[in-house]
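[1] Take this sequence and fold it.
(one chain, ligands or ions: 1)
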Amino acid sequence: MRLFKLTRCTAANLLKRRNIHCCQNRTYWVESTVLKGPRKRREYVVSRPLPLYSFESVTSPMPCIRLGEVSAPHHVWTLSTHKLNYYSTSTDSRPATQDGVEIKDNKTKIDKSLMPVPSEDIRRLLHLAHPERWRLSAAMGFLVASSAVTMSAPFFLGRVIDTIYTTPAADFSASLSSLCLMLAGVFICGGVANAARVYLMQISGQQIVRNLRESLFTSIVRQEVGFFDKTRTGELINRLSADTTIVGRSLTDNLSDGLRSVAQAGVGVSMMFYVSPSLAAFVLMIVPPMAGLAVIYGRYLRSISKRTQDSLAEATQLAEERISNLRTVRAFGKERSEVEKYVERINYVFQLAKKEAVLRAGFFGMTGLSGNIMILSVLYKGGLLTASEQMTVGELSSFLMYTFWVGISVAGFSSFYSELMKGFGAGARLWELVDRKPEFPLDEGISLRPEQFKGQLQFHNVSFAYPTRKEAPIFQDLSLVVPAGSVMAVVGPSGSGKSTMVSLLLRLYDPDSGMITIDGRDVRELNPYWLRSHIGTVSQEPVLFSSSIAENIAYGAVDPRNVTAQDIYRAAQIANAHDFVQGFPKGFDTMVGEKGILLSGGQKQRIAIARALLKNPKILLLDEATSALDSENEYLVQEALERLMVGRTVLIIAHRLSTIQNADAVAVLDKHRVVECGRHAELLSNRDGLFRRLMEKQAFMHDEQKQILCK
Ligand SMILES: Nc1ncnc2c1ncn2[C@@H]1O[C@H](COP(=O)(O)OP(=O)(O)OP(=O)(O)O)[C@@H](O)[C@H]1O
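    Now for the predicted structure:
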């Protein structure tokens, strides 16, 4: 086994993916046997997860600890004397550093689609078919039966022709009828076997696609929120719909058609040799160049197909975003420019499709031509053999039919090969997503679910920057205590990080340093499901799902199946939603539309409050909505919020003066930390304080407040 030493930043990057700390006094090595690539160019594609080793001493590779495997099958490595550099093959063309890893210029990028399919990808694809092995085996059995019937037909049809030519008139009718009857029986069996094969293959294919979608969707929803900041929704949707279908099809229908082609071509060639070895040898000279052509064609097709899928995903992403925000598009009168943008993308897809069409046309033209040349040579050479009585007319007919079958099978095999390559291309993109380990897993290994729970919140010297903008810190050494059962209003200039506090409390992101505790326990030690089941949120623009009002309210409950209609009505009543819902013709069964678009802002807010009430959380995180609501709605929402807040620890991003006044304390955020904290009146009395300046700026200043200011 040969090992390559890793540079420190590469090692740190790989270890970070496995949540292992990179030690200064250790060296890290990677097994070189998994690196494949043209040695001259010193570029390597990692063909399977990398076995990583760590050594005590910087100089000696002994003793070592095997650290397990790092999944990096889609990255390219360059090798210099004894160190391995990493660079991504993503389409991002910035030569920059990412996660401390050197990314080289994209010009040096290798088109992996043109390389042989890694054995790991083949293994993954076969593994996918494993649960369906029995059904697939049965389908294969039927495939053998139907192919045997198909391939025996030319032989027996040749016999029928010879019977017609050679049988004496007295026996002719009886011999011909029995032969035809027997053949009809065999053909019926072949038809039934073929139908059974197609049925079983279809079912297995759908089952495989279903399983694949399940594991892909499971992996997507488990990813940390930061992943969705970086990844486009349309791309994920495309993976879920198009790529899964391609992989499923290449494993079943395509595989069965391909195997049938191989089997039929094999049997056909054998039968051709059986019927006339000299004629067979003459005709089959054309096959090897065609096979070589098919392999080259398949590789190019895989490359083009991957690019087509990627650009289609981009077009879908654009369409999805614009359609879901069509109101904004309309309001800005951007329909034309949006159509132009979409057309630009689909034009690119079309350009690629044209290249694919040229490839296909050339290839299929060639295969068609070579098929016809084969037939012509059979007729020419076979005619000569029949004339010299070395072959009967029946044998020549059989041979001709076998030639047809072999031609059809070879054409079938080439389309099988190209579909299979497409499947590998789509599969590679899927494994990337399926294998991705979330930066912080949902519940693995974290089982702490305290029984006693009061709800005290505390930020201890928290520093945080969003993963996509590491260079722009949001918090630096932020500290804040929210006592259990109290209401803390958070105010601050726009962009000061008020909503980010909510995201950190929900553990959508983890702080870069410092910690957040609940009842003195670090939130990272608590089971995330448990944690979130005790936290309710109502945001300024609550998102409802495209289902009925009742289902949206029930969504708040830990187990919506145990929620009764009475629970929903009660929550709606407390949230001031009951009356307006009853005013709808379908009441609680009214559909709210995509993201709740069929409801007004105030109505959505109140449904969201009812949803939070049903959850009955100990901690409430509220983003007060005021600007979007008219005064009546504002009053109703406010009243509902006040009812919701009773008996809970509340962190509220406050916009209304009354909320700020009624809160037990007010925290003022600015310059990455809490700059002031205290009761409303205390903070106002500080003439130079930010809070007072903010209040002065606010148009909603009350007379009462002005009086305090004048003092
Ligand atoms: N997912 C994200 N990725 C990167 N940066 C983000 C993300 N979300 C917010 N930000 C940035 O973080 C900063 C704080 O945002 P945040 O929404 O917490 O501010 P806020 O105080 O709630 O603002 P507002 O009062 O305007 O709602 C802003 O500069 C914003 O651009």
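
[2] which other helices and strands contact the one helix or strand residue 515 maps to?
    Using DSSP states H and E, residue 515 falls within strand 513-518. Helices and strands touching strand 513-518, by 3 or more Cβ pairs under 8 Å, 6 or more residues apart in numbering; DSSP states H and E, are strand 457-464, strand 475-482. For the C-beta atoms, the positions are set from N, CA and C on the backbone; glycine is no exception.

[3] Give me the distance between the one residue sitting closest to the centre of the chain and residue 321.
    Geometric centre of the chain, nearest residue: residue 236, 4.4 Å, by Cα atoms, centre = their mean. Using Cβ to Cβ, to the nearest Å, residue 236 is found at 13 Å from residue 321.

[4] Nearest spatial neighbour of the residue nearest to the centre of the chain, chain-adjacent residues omitted?
    Leaving aside its sequence neighbours, residue 236 sits nearest to residue 220 (Cβ to Cβ, 6 or more residues apart in numbering; 5.8 Å).

[5] name the helices or strands packed onto the helix or strand encompassing that neighbour?
    Using DSSP H and E, residue 220 sits in helix 169-222. Applying 3+ Cβ pairs under 8 Å, 6+ apart, one finds that helix 169-222 contacts helix 119-129, helix 133-166, helix 244-251, helix 253-275, helix 393-435.

[6] Which helix or strand in the protein has the lowest average pLDDT?
    strand 101-102 (a mean of 30; mean pLDDT, DSSP states H and E).

[7] Any regions of the stretch 251-400 of the chain where pLDDT drops low?
    Within the stretch 251-400 of the chain, the stretches with pLDDT under 70 are 286-288, 290-291, 294-295, 298, 302.

[8] What ranges does it have for its helices?
    253-275, 277-283, 287-324, 326-331, 335-387, 393-435 (DSSP state H, counting those that start in this stretch).

[9] and residue 688, which of these is closest to it?
    Closest to residue 688 of the helices of the stretch 251-400 of the chain is helix 326-331 (Cβ to Cβ; 41.2 Å).

[10] For the closest one, buried residues please.
    residue 329 (16 or more other Cβ atoms under 10 Å).

[11] who's in contact with that helix?
    322, 335, 338 (Cβ atoms under 8 Å, 6 or more residues apart in numbering).

[12] Repeat that for stretch 266-281.
    147-148, 151, 154-155, 158, 283-284, 378, 381-382, 385, 390-391, 395, 398-399, 402-403, 405-406, 409.

[13] so how far is it off the chain centroid?
    49 Å (Cα atoms, centre = their mean, to the nearest Å).

[14] go on, stretch 427-445?
    That offset, for stretch 427-445, works out to 10 Å (Cα atoms, centre = their mean).

[15] average pLDDT across it?
    The average pLDDT within stretch 427-445 is 77.

[16] Restricting to C-alpha, output the helix or strand just after the helix holding residue 220 in PDB.
    Next in sequence after helix 169-222, counting helices and strands by DSSP H and E, comes helix 225-230. Backbone C-alpha positions of helix 225-230 (Å, rounded to 0.1, in the frame of the first residue of the first chain) are rendered in PDB as follows:
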ATOM      1  CA  VAL A 225     -30.000  25.200   6.900                       C
ATOM      2  CA  GLY A 226     -26.600  26.500   5.600                       C
ATOM      3  CA  PHE A 227     -26.700  23.900   2.800                       C
ATOM      4  CA  PHE A 228     -29.900  25.500   1.500                       C
ATOM      5  CA  ASP A 229     -28.300  28.900   1.500                       C
ATOM      6  CA  LYS A 230     -25.800  27.600  -1.000                       C
END
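
[17] after helix 225-230 comes which helix or strand?
    Trace forward from helix 225-230 with DSSP H and E and the next one is helix 233-238.

[18] What strands line up against the strand holding residue 515, and which way round?
    strand 457-464 (antiparallel), strand 521-522 (antiparallel) (DSSP bridges).

[19] For those strands, state which one has the densest average packing.
    Counting by mean count of other Cβ atoms under 10 Å, strand 457-464 has the highest mean neighbour count of the strands paired with strand 513-518, with a mean of 20.

[20] Could you single out the most deeply buried of the helices of the stretch 251-400 of the chain?
    helix 393-435 (a mean of 21).

[21] angle of it against helix 169-222?
    10 degrees (axes from the mean of the first three to the mean of the last three Cα atoms, to 10 degrees).

[22] Measure how far the direction of helix 393-435 deviates from that of helix 133-166, in degrees.
    170 degrees.

[23] Distance-wise, check the residue nearest to residue 679 when sequence neighbours are not counted relative to the ligand.
    In space, and not counting its chain neighbours, residue 679 is closest to residue 665: 6.1 Å by Cβ to Cβ, 6+ apart. Distance, residue 665 to the ligand, using Cβ to the nearest ligand atom, to the nearest Å: 18 Å.

[24] same check, this time on residue 587
    Counting by Cβ to the nearest ligand atom, the gap from residue 587 to the ligand is 34 Å.

[25] Do I have it right that that residue meets residue 581?
    Yes - using Cβ atoms under 8 Å, residue 587 makes contact with residue 581 at a distance of 6.1 Å.

[26] Which residue of those two possesses the greater neighbour count?
    Per other Cβ atoms under 10 Å, whichever of residue 587 and residue 581 has more neighbours is residue 581, with 25 against 14.

[27] Of the strands paired with strand 513-518, which is nearest the ligand?
    strand 457-464 (9.5 Å; Cβ to the nearest ligand atom).

[28] is the ligand contacted by that closest one?
    No - judged by Cβ under 6 Å from any ligand atom, strand 457-464 stays clear of the ligand, getting no closer than 9.5 Å.

[29] care to break the protein down by domain?
    With domains defined by the TED database, the chain comprises 118-276+411-439, 457-710.

[30] can these go into CSV with extra columns for distance to residue 326?
    Shown next, in CSV, are the domains of the chain (distance: least, Cβ to Cβ, whole Å):
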stretch, distance to residue 326
domain 118-276+411-439, 15
domain 457-710, 10
